[in-house]
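**Q** Fold the following.
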Amino acid sequence: MTTPETPQPPFTVGFDLDLTLLDTRPGIKAAWQVFATETGVDIDTDLVVSRLGPPLEREMAHWFPAERVPEMVVRYRALYPLYAIEPSLPMPGAVDAIEAVREAGGRTIVVTAKKGSHAELHLKHLGIPADAVFGELWAEGKARALRAEGAQVYVGDHVGDVRGAATAGALSVAVATGPCAPEELSEAGADVVLADLTDFRAWLAGYRAGS
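**A** Okay, here's the model as predicted:
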């Protein structure tokens, strides 16, 4: 007597957004410049975009007292769709990385600290498909979405992304395109460190062949 085989979950790869899939620095800088002018606060927008990754609240706390952070986050997020979406561009190899996963029969999800609706606007504007988008998750918190979606791999540019992958039990693939140097990503526990996503397709082919 034969028994039906248990269906295997689809191969799923998670991606971070800022400085992993997209170079959002031009748009974020533009939004912060408008925000700084509106609030009258002298904000170093170059410094802001040099440390993308953690939640917006953390960055906002550098410029405003704690009691004002929530209202400033709300105001900045209202400006974001108007100024941050159009100037942002795909990172090198990003579109090909998504296509490589799909050609391998897999699913792609985006898990980011950014507000989910803003991430969706970015992806729609650039025509980059994702099977699911999860926002406002950072570091170990990203594991919630990665586990729920059964992601076997998570790709990110920050040590927080490495910690999120490890917490979820996913393979951590780090790209050295954000604020963290390759050695920093390795020391944080990344399983693989790539220069950028132009190396992802070849890595994926080797990984899938050996799995």
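**Q** Roughly how far does the closest residue in space to Pro129 that isn't next to it in sequence sit from Val13?
**A** Excluding the flanking residues, the one nearest Pro129 by Cβ to Cβ, 6 or more residues apart in numbering is Ile98, at 6.6 Å. (Glycine included, C-beta is placed from N, CA and C.) Plainly put, Ile98 is 9 Å away from Val13 if you go by Cβ to Cβ, to the nearest Å.
**Q** Counting neighbours, go ahead and name the busier of these two.
**A** Using other Cβ atoms under 10 Å as the criterion, Ile98 and Val13 rank with Val13 on top: 26 against 23.
**Q** counting contacts, what elements does the helix or strand harbouring the more buried one pack onto?
**A** Taking DSSP states H and E as the definition, Val13 sits inside strand 12-15. Applying 3 or more Cβ pairs under 8 Å, 6 or more residues apart in numbering; DSSP states H and E, we find strand 12-15 packed against helix 94-103, strand 107-111, strand 153-156.
**Q** contacting residues around the residue nearest to Pro129?
**A** With contact taken as Cβ atoms under 8 Å, 6 or more residues apart in numbering, Ile98 is in contact with Phe15, Leu21, Thr108, Ile128, Pro129, Ala130.
**Q** thought the second one was touching Ala94?
**A** Okay, so that is Leu21. Yes: under the criterion of Cβ atoms under 8 Å, Leu21 makes contact with Ala94 at 4.6 Å.
**Q** what residues are shared contacts of those two?
**A** With Cβ under 8 Å, 6+ apart, Leu21 and Ala94 have common neighbours Ile128, Leu197.
**Q** which one of these two has more residues nearby?
**A** Leu21 (31 against 25).
**Q** ok, and what's touching stretch 37-56?
**A** The list of residues contacting stretch 37-56 from outside it, by Cβ under 8 Å, 6+ apart, reads 18-19, 24-25, 28-29, 32-33, 35-36, 59, 63-64, 72-73, 75-77, 79, 113-115, 136, 138-139, 157-158, 160-161, 178-179.
**Q** Show me these that map onto helices.
**A** 25, 28-29, 32-33, 35-36, 59, 72-73, 75-77, 79, 160-161 (DSSP state H).
**Q** between the residues you listed, which is nearest Leu89?
**A** Set against Leu89, the nearest of these by Cβ to Cβ is Arg25 (9.3 Å).
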